[in-house]
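J.: Give me coordinates for this.
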Amino acid sequence: MSRMLDEIRQQPDALARTLSAELKNTAKFRDLMAVRRPRLVVLAARGTSDNAAQFGRYLIEITTGIPVSLAAPSVHTLYDAPLDYRDALVVGISQSGESTDTNVVLEKAKRAGAVTVGITNEAKSAMAGIADHVFLARAGREKSVAATKTYTSQLMLFYMLAYALGGKLGPAELQAIPDLAAAACSLEREVADLAGRYRFMHHAVVVGRGLNYANAFEFALKLMETSYVVAERFSSADFLHGPIAMVEPNFPVFLFTPTGPTWISTQEMLVRLRDLKAETVVITDKSNAAVSSLGPRVITIPAKIPEILSPIPYIVPAQLFAAALAREKNIDPDRPRTLSKVTRTL
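T.: Model (predicted):
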C-alpha cells in the first residue's frame, strides 16, 4: 500500500484534530479581527497550498464580504516592488512552512503594515516564526510527496479563518466535515475499480466552479504529479469560452457537481458533453439525484452535503482516484519523478 493511500485514509482523524485543537486560537483571533477588521485579505502560496488558497478566496469573500487577492510572489522576490499593505491581512499557506517565496511575501507584508497569518503543518517552521498569528494543521507528518491530508486540513483552517473574520459558518457546522470525509473514504474500492478503465489515459480535463474550483486545480495536479496525465483545469464558465473545442468522443472530463448555485451551469455543461460523446465522470453526493439522468459515470458520496461543506469530502474520491490510477500505471505516487517534498523557489 502506498503512503499516499494511507494518508488519504487518515484525513477524517486529521480534520477532527485540526478543528478541535484550533478552536481557542480561532476564538481569540475572531475577537482581534472584530476590533481590527481588514479591508483586504491577500493569500500567498505555491503548489497544493495555492489550490487551498483558491478555496480560501471564494470562502472568505462569500462568507465575509472582504475582498481577497492571491499574491504573486515574484512581485516581491524578482521585482522587489513596494506594496501598501496597511489595513490588510496577509496569509501565507505552506505545508512545510519552508516555502521561500511565500515567506518573503509574509516578511515584506509585515514590514509594510499588514497583520500576517501563517497556515502550516509545522509549528517549528520558518513561516511559524515569521507570522504574527499561526493556524496549525494537525495532519501529522506527511511522508508522501503528493499532498493529501495537509490539503484538506488547510481547507479546514480556511473555514476557521473565515469564521474568525466574521463569517457565520462556525465550529458547530464544521463538526460535520470529518464524518463527511469518512463517508467519502468508504468509496475506496468503488473508485479503484473505476480507475482501471483509465489506465491508458494521457490527457484529461477537470471542471469545477465556485467553492469547488480549487478542487479542479487540486485533482488535476494529483493526476499530473502521480500518474503523469496532462490534466487541464477550468471553471465550467471558462471551459465554454474556447477550451471545450478540444473535446471529442471519449475525451475524459472529470467534474465536481454539488447542488447549489453552481449546479445550473454545471448541468448545462454535462448536457453539452453528452452531446459531444465525451467520457465524463462526476463526483457528487446523495443530494444531487439529477446528475445520473445526464449519462455520466457517477461517484456518489453516501451523504447529503450542503455545497458550502462540499469541498473537503469532494476532493477525497479524487485523491483516491489519483492513487488508484498511479497503481494501474505501475507508478509510485509517493515518489513522483523529479519531485521532492519541499520545493523552494524565489
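
J.: And for the helix or strand containing Thr18, what's in contact with it?
T.: If you go by DSSP states H and E, Thr18 is part of helix 11-21. In this structure, residues lying in contact with helix 11-21 by C-beta atoms under 8 Å, 6 or more residues apart in numbering are 136-140, 148-149, 152-153, 156-157, 160, 171, 174-175, 177-179, 181-182, 185, 312, 316. (Each C-beta comes from the backbone N, C-alpha and C, glycine too.)

J.: Try it again at 6 Å.
T.: Helix 11-21 has contacts (C-beta atoms under 6 Å, 6 or more residues apart in numbering) with Ala137, Arg138, Ala139, Lys149, Thr152, Ser153, Met156, Leu174, Ile177, Pro178, Ala181, Ala182.

J.: show me what contacts the third one?
T.: Contacts here follow C-beta under 6 Å, 6+ apart; on that basis Ala139 touches Ala14, Asn121, Lys149, Thr150, Ser153.

J.: Would you mind listing which of those residues are buried?
T.: Listed as buried from the contacts of Ala139 are Ala14, Asn121, Lys149, Thr150, Ser153; burial here means 16 or more other C-beta atoms under 10 Å.

J.: where's the fourth one relative to Ala318, distance?
T.: Right, the one you point to is Thr150. Per C-beta to C-beta, to the nearest Å, Thr150 is found 15 Å from Ala318.

J.: Please apply the same query to the second one.
T.: Distance from Asn121 to Ala318, counting by C-beta to C-beta: 20 Å.

J.: which residues of this structure fall in strands?
T.: 40-44, 68-70, 88-94, 115-120, 133-136, 203-207, 230-234, 252-256, 279-285, 297-301 (DSSP state E).

J.: I'd like the contacts of helix 11-21 as TSV, with distance to Ser49 and pLDDT appended.
T.: Output for these, formatted as TSV (distance: C-beta to C-beta, whole Å; pLDDT from 0 to 100):
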residue	distance to Ser49	pLDDT
Ala137	10	96
Arg138	16	95
Ala139	13	94
Lys149	13	97
Thr152	12	98
Ser153	11	98
Met156	14	98
Leu174	20	97
Ile177	19	98
Pro178	21	98
Ala181	19	98
Ala182	24	98
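
J.: In helices only, show me the residues you listed.
T.: Residues of these located in helices (DSSP state H): Lys149, Thr152, Ser153, Met156, Leu174, Ile177, Pro178, Ala181, Ala182.

J.: Show the model's pLDDT score for the residue nearest in space to the middle of the chain.
T.: Nearest residue to the geometric centre of the chain (C-alpha atoms, centre = their mean): Ala52, 4.0 Å. The per-residue pLDDT reported for Ala52 equals 98.

J.: And Arg209, by the same measure?
T.: What the model reports as pLDDT for Arg209 is 96.

J.: Just give the number of residues close to it.
T.: 24 (other C-beta atoms under 10 Å).

J.: you'd agree it is up against Ser235?
T.: Yes. If you go by C-beta atoms under 6 Å, Arg209 and Ser235 touch, sitting 4.7 Å apart.

J.: quick one: Gly92 from Asn103, how far?
T.: Counting by C-beta to C-beta, the gap from Gly92 to Asn103 is 7 Å.

J.: Next, show the common contact partners of those two.
T.: Contacts common to Gly92 and Asn103, judged by C-beta under 6 Å, 6+ apart, are Met127.

J.: neighbour count winner among those two?
T.: Applying other C-beta under 10 Å to Gly92 and Asn103 shows that Gly92 carries more neighbours, namely 33 against 23.

J.: picking that back up, contacting residues around the residue nearest to the centre of the chain?
T.: Applying C-beta under 6 Å, 6+ apart, the residues near Ala52 are Ile93, Tyr151, Gln154, Leu155.

J.: helices and strands around the lowest-mean-pLDDT helix or strand in the chain, which ones?
T.: Here the helix or strand of the chain ranked lowest by mean pLDDT, DSSP states H and E is helix 236-239, holding a mean of 83. On a contact count with 3 or more C-beta pairs under 6 Å, 6 or more residues apart in numbering; DSSP states H and E, helix 236-239 meets helix 263-275.
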